[in-house]
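> Predicted coordinates and the sequence they were generated for:
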Amino acid sequence: MIRPASQVEHVADPLRKAGRMGNCPDPQTFLDMSPKLDLEQLDRLHDTSVLSSSQFDLPLMRELMKLAAYMQLRKFEAGRALEDKILAAAFFEPSTRTRLSFESAMLHVGGKTLSVADAKTTGVAKGESMRDIGQMFNSYADVVVVRHTEQSSLQDLAEYLRIPLINGGNGSDEHPTQALADWYALCKWRPELAFGKLPDKFRLNIGIIGTPGNMRTVKSFLSLALNFHENINHITIFSEMADPLGDEIREMTNNSPIGIDFSRNLQQSLEYLDVIYMNAIAFLGDGYRFFGEAFSLSKKSQLKPDTVILHPLARGEELSTDLDETQHNLYFNQADGAVWLRQALLLAIFGRVRHVVPREFIA
Amino acid sequence: MIRPASQVEHVADPLRKAGRMGNCPDPQTFLDMSPKLDLEQLDRLHDTSVLSSSQFDLPLMRELMKLAAYMQLRKFEAGRALEDKILAAAFFEPSTRTRLSFESAMLHVGGKTLSVADAKTTGVAKGESMRDIGQMFNSYADVVVVRHTEQSSLQDLAEYLRIPLINGGNGSDEHPTQALADWYALCKWRPELAFGKLPDKFRLNIGIIGTPGNMRTVKSFLSLALNFHENINHITIFSEMADPLGDEIREMTNNSPIGIDFSRNLQQSLEYLDVIYMNAIAFLGDGYRFFGEAFSLSKKSQLKPDTVILHPLARGEELSTDLDETQHNLYFNQADGAVWLRQALLLAIFGRVRHVVPREFIA
Amino acid sequence: MIRPASQVEHVADPLRKAGRMGNCPDPQTFLDMSPKLDLEQLDRLHDTSVLSSSQFDLPLMRELMKLAAYMQLRKFEAGRALEDKILAAAFFEPSTRTRLSFESAMLHVGGKTLSVADAKTTGVAKGESMRDIGQMFNSYADVVVVRHTEQSSLQDLAEYLRIPLINGGNGSDEHPTQALADWYALCKWRPELAFGKLPDKFRLNIGIIGTPGNMRTVKSFLSLALNFHENINHITIFSEMADPLGDEIREMTNNSPIGIDFSRNLQQSLEYLDVIYMNAIAFLGDGYRFFGEAFSLSKKSQLKPDTVILHPLARGEELSTDLDETQHNLYFNQADGAVWLRQALLLAIFGRVRHVVPREFIA
């Protein structure tokens, strides 16, 4: 609408509008738990591919999250760290969020990017083998992030790559960097989670909404949760399905040091859940709308005052926007921190951490 | 075709082939009217979003155009000015020209880019809220250019952004940077337009082709035209429609210090039009072909010798290529200058003008 | 699959997995034939477009390949050589490989990129004229690579460009940079090819699979082959078609100093072929499957021990993966070298070779 210049506000004044919305834990509090970086841990990631959450134990996660926190606090300059490196983002299954998150992370550390945003517009979609796709990326890039609908494709691809491969979410298998970002948010919220054992009454009860189509984020999140078993009291997986996660998770949960059970009733459990890991369920089509309301949250939900909600976004009606301005909203911070976490991951993969971290921050 | 090497000409020798075609006013002439930059004016854009043409009064336009002219003349180096900044080009309604124009501008000042070229290939298209899209860009970029089919979406988006938002053309509402580029071309052509009052006989008669589907470029162009009311004699809007622009423009034109009227007959008006602002009408489908010829221009049209034509391009049959090599062709210069104008805008939005302009050019 | 961290191998360790597969000739051997660069030859490419293979005679090819070899051996740093330049990759006919190959090459020499990956998502696809597309790129970029289905479009486009145009493969006409990459691989394999006359018994017999849909790569490859006529004994074009390549090639072959004939039986010719230039035939649809096996190669084929295979990739069933780990596989090296060759081309087009090559390497 055309209005006289004097009537148009400066709508992007960071101090006036849209201040950081929701729960924004200060990364400094997390860093204060253990300020110095243990570079030997980060060296474990040098020249490695990131295919599975199971590559990350707690010592490695700590250092990765600390490095991310340092950069999120702008404690040092990393803007040229990977200026001679190219990241190829190969999204055979489209995803704006994840692709832009990785590309942004790479640009933030001075790197360059190549994009394949949608396989349907490329010759690659015509059934070209993973081996040949791998050879292609060997020639064009220094690291490749791949999202593919086929679960097995990443393993095939990794066989032929000479450069690190990052799993950007494959089929119903895993989404390791998403899970790392999820736990980065939780660790900034409750730093003690990552450092030592909490008194029993502070141990967390976590609820996870588990539905088909979200398997990979849930599996990866659960896998990393096992690292924090000392500080997790209980995990409940909410699903309308009788056997939501299949054998794989059943095996993990049977052997897990955390008590894990299943439930169909999220609303009844709200009184004891400290963390709720939501997923988009409104996109799943009519078959699931029957359960939609049962697995939705809004300001009217009987949440505990301190409960935080995670959601990988994009969201549908399951997560009401009236929660955005409350302290329950950890999902915006989760998305925001994901870029920093991915930056840390990239620096570690390329062995460039020493290049950017001042000596005073190193153990 | 395969020919012996000796027979292939060097087709891109800038001195031989395709010299600058059409009317190419020297930016120096414009700059000579007022060489020193008034940085206070440009400071008004620091950290602001650009949603509407109404944000730009004549003092601000002057300085923006002067800054663009300086860079177009390569008077100083700005190639690293925004090297630590990321521009996200989010084109939910695809547009190669506008997207590449912005990306090119950002690259020219050392910045980096993230592209979303088509919403249909992304999860974002599934009805994700503007709020969540805003949050996403907050995390990934430092400035975002958005084109969206829904008019209201930009206002929604701006609510949740903590970074500047540039309107890349929204629905039938506005396209402010296009209008700025349009007037940059006109001001280089007639520098006196922007500096003081012209004698009556030199005041301009402007014709605008107004058709549905082009509303946003016309509205923005008209809005900025009001800034030059002292030097515009008359504006005629040519349209086959009874009420081409609706209430909004009627309101603006009723209150406007410029005489604005409507006509169906472009050809009859050519004898007095100094500037013709065309739009693509051949793409509009069969319903408008009846009027196609009436609103088309070619070398055969009875243009005044000095008449200049603007067209945001891409064009169809309404603007004949036989005009390209004439002095009527200001549309190539218009497109060319748009990149420089957008560079100036980006430098101002980021408050980096002082970083690149040598002291000698500052008032 | 979620496994304990200790069980996940470091799958991208370059020393353990997927070592360079296939035949990887050392570029140093090629360079040793004539170590110093003749910059006058490379100057011939300054500010030129690359439309046709016929622009490249042997003296120019030698220097281009030597420059590529220097960079492939990392003999000097070129990572900022084109840091102020923008390459627009305009792929109106989609191609992930060629587009990424060019974008990677540009990024490797410090340049920046703009991408149009698929015309269907852009307004440009609506029949916009080549002239207007050219004008657009004049404003946005410093060099443009174009792939278009229409053969004539590149000539039209070159008329209006003021920046160099590189043919990324147009219709059934040419794909010059692909051919340069093909011969770069062959010259690294047999350096003597490019330097002086081989004894008769070492002169090559080359087989080319010629099918519709692959005309441009074949034509360009043949065109460059003429430069090596002293060292080529014979070329056989294998095709199921009666007249596979039409008048144009007939004319070239009639006048050619190399004996060229046609055959339908690849398998019978294997005993004397030194080089087999394959193309994807499995994508061509049912009409050609009848000939599919006749033109396929695998480890079972009766190849000579030293025979090398080229294939522009992506491949289908015509080239079996069981050949990948053999010395017959020159196609991986061909794709890999293509990025270096394109880097050399870009440096030469921008006249920036002197900027990066140390004096000791210059004649």
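Cool, got the structure.
> Distance from the chain centre to stretch A:191-209, please.
Distance, stretch centre to chain centre, for stretch A:191-209: 19 Å (C-alpha atoms, centre = their mean, to the nearest Å).
> Strands of chain A, start to end?
Using DSSP state E, the strands of chain A run over residues A:86-91, A:112-116, A:143-148, A:165-170, A:204-209, A:232-238, A:259-263, A:275-277, A:308-310.
> I'd like to know which of the ones you listed is closest to B:A181.
Closest to B:A181 of these, according to C-beta to C-beta: strand A:112-116, at 27.1 Å. From N, CA and C alone the C-beta is placed, and that goes for glycine too.
> That closest one pairs with which strands, and in what direction?
Its sheet considered, strand A:112-116 pairs with strand A:86-91 (parallel) by DSSP bridges.
> chain center to the strand it pairs with: distance?
If you compare the mean C-alpha spot of strand A:86-91 with that of the full chain, they lie 18 Å apart, counting by C-alpha atoms, centre = their mean.
> pull the CA atoms of that strand into CSV?
Once non-C-alpha atoms are left out, strand A:86-91 reads as follows in CSV (Å, rounded to 0.1, in the frame of the first residue of the first chain):
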residue,chain,number,x,y,z
ILE,A,86,33.4,-25.8,-1.5
LEU,A,87,30.3,-27.4,-0.1
ALA,A,88,27.9,-29.1,-2.5
ALA,A,89,24.3,-29.2,-1.2
ALA,A,90,22.7,-32.1,-3.1
PHE,A,91,19.0,-32.2,-2.1
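> how much does it deviate in direction from strand A:165-170?
Strand A:86-91 and strand A:165-170 are oriented at 20 degrees to each other (axes from the mean of the first three to the mean of the last three C-alpha atoms, to 10 degrees).
> residues making contact with strand A:86-91?
In this structure, residues lying in contact with strand A:86-91 by C-beta atoms under 8 Å, 6 or more residues apart in numbering or on different chains are A:98-99, A:102-103, A:106, A:111-119, A:133, A:137, A:140-147, A:168, A:346, C:100, C:104, C:107-108.
> Would you mind measuring from A:V146 to chain C?
Computed with C-beta to the nearest C-beta, to the nearest Å, the distance linking A:V146 and chain C is 13 Å.
> Which residue lies closest in space to that residue, excluding its sequence neighbours?
A:A90 (4.8 Å; C-beta to C-beta, 6 or more residues apart in numbering or on different chains).
> Just give me the neighbour total for the one you found.
Using other C-beta atoms under 10 Å in any protein chain shown, A:A90 has 26 other residues around it.
> Residue numbers of the stretch 101-250 of chain A in contact with chain B?
Remark: the part of the stretch 101-250 of chain A in contact with chain B comprises A:101, A:103-104, A:107-108, A:115, A:117-118, A:120-121, using C-beta under 8 Å from any C-beta of the partner chain.
> Recalculate using a threshold of 10 Å.
Selection of the stretch 101-250 of chain A residues close to chain B by C-beta under 10 Å from any C-beta of the partner chain yields A:101-108, A:110-113, A:115, A:117-121.
> Just the buried residues of the residues you listed.
Restricting those to buried positions leaves A:101-108, A:110-113, A:115, A:117-119, A:121, with burial counted as 16 or more other C-beta atoms under 10 Å in any protein chain shown.
> Quick one: closest of the strands of chain A to B:L51.
Distances from B:L51 to each of those were compared using C-beta to C-beta; the shortest belongs to strand A:112-116, at 27.9 Å.
> Just the CA coordinates for that closest one, please, in CSV.
Coordinates of the C-alpha atoms in strand A:112-116 are reproduced here as CSV (Å, rounded to 0.1, in the frame of the first residue of the first chain):
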residue,chain,number,x,y,z
LYS,A,112,31.5,-21.4,-1.1
THR,A,113,28.5,-23.4,-2.2
LEU,A,114,27.1,-25.4,-5.1
SER,A,115,23.4,-26.2,-5.0
VAL,A,116,21.3,-29.0,-6.4
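> what bits of chain A have low per-residue confidence?
Low-confidence regions of chain A, defined by pLDDT under 70, span residues A:1-19, A:119-127, A:151, A:211-214, A:241-246, A:248-249, A:281-292.
> before we move on, the earlier item: TSV for the strands of chain A, including distance to B:H328?
Below are the strands of chain A laid out as TSV (distance: least, C-beta to C-beta, whole Å):
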stretch	distance to B:H328
strand A:86-91	45
strand A:112-116	40
strand A:143-148	50
strand A:165-170	51
strand A:204-209	63
strand A:232-238	68
strand A:259-263	74
strand A:275-277	63
strand A:308-310	60
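> nearest to B:F76, of these?
Of all the strands of chain A, it is strand A:112-116 that lies closest to B:F76, at 26.0 Å by C-beta to C-beta.
> by how many degrees do the closest one and strand A:143-148 diverge?
Angular relation of strand A:112-116 and strand A:143-148 on a 0 to 180 degree scale: 20 degrees, by the same axes, to 10 degrees.
> how's chain A carved up into domains?
With automatic domain parsing as the criterion, the domains of chain A are listed as A:24-174+A:338-361, A:176-335.
> The residues of the stretch 101-250 of chain A next to chain B in helices, which ones?
With helices defined by DSSP state H, the entries of these inside them are A:101-108.
> Out of the residues you listed, flag the one nearest to B:V339.
A:L107 (20.9 Å).
> Which residue is the nearest non-sequential neighbour of that closest one?
According to C-beta to C-beta, 6+ apart, the nearest residue to A:L107 is B:K112 (4.6 Å).
> Look up how far B:A89 lies from that neighbour.
Distance of B:K112 to B:A89, computed by C-beta to C-beta, to the nearest Å: 11 Å.
> between these two, what contacts are shared?
Between them, B:K112 and B:A89 share the neighbouring residues B:103, B:106, B:141, with contact defined by C-beta atoms under 10 Å, 6 or more residues apart in numbering or on different chains.
> Report how far apart the opening and closing residues of stretch A:350-362 are.
Its first and final residues considered, stretch A:350-362 spans 18 Å by C-alpha to C-alpha, to the nearest Å.
> What are the contacting residues of that stretch?
Counting contacts by C-beta under 10 Å, 6+ apart, the residues outside stretch A:350-362 that touch it are A:31, A:35-39, A:42-43, A:45-47, A:63, A:66-67, A:70-71, A:75-82, A:84-85, A:109-111, A:142-143, A:164, A:344, A:346-347.
> Could you turn the buried ones of the residues you listed into a ChimeraX selection?
A single ChimeraX command is used to select the members of the contacts of stretch A:350-362 judged buried by 16+ other C-beta under 10 Å:
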select /A:31,37,39,42,45,47,63,66,67,70,71,75,78,81,82,84,85,109,110,111,142,143,164,344,346,347
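> Tell me which of the contacts of stretch A:350-362 fall in helices.
Counting by DSSP H, those place A:31, A:39, A:42-43, A:63, A:66-67, A:70-71, A:344, A:346-347 in helices.
> I'd like to know how many residues surround the residue lying closest to A:D43 once chain neighbours are set aside.
Computed as C-beta to C-beta, 6+ apart, the closest residue to A:D43 that is not its neighbour in sequence is A:G351, at 7.1 Å. Look at A:G351: counted by other C-beta under 10 Å, it has 14 neighbours.
> Cool, thanks, talk later.
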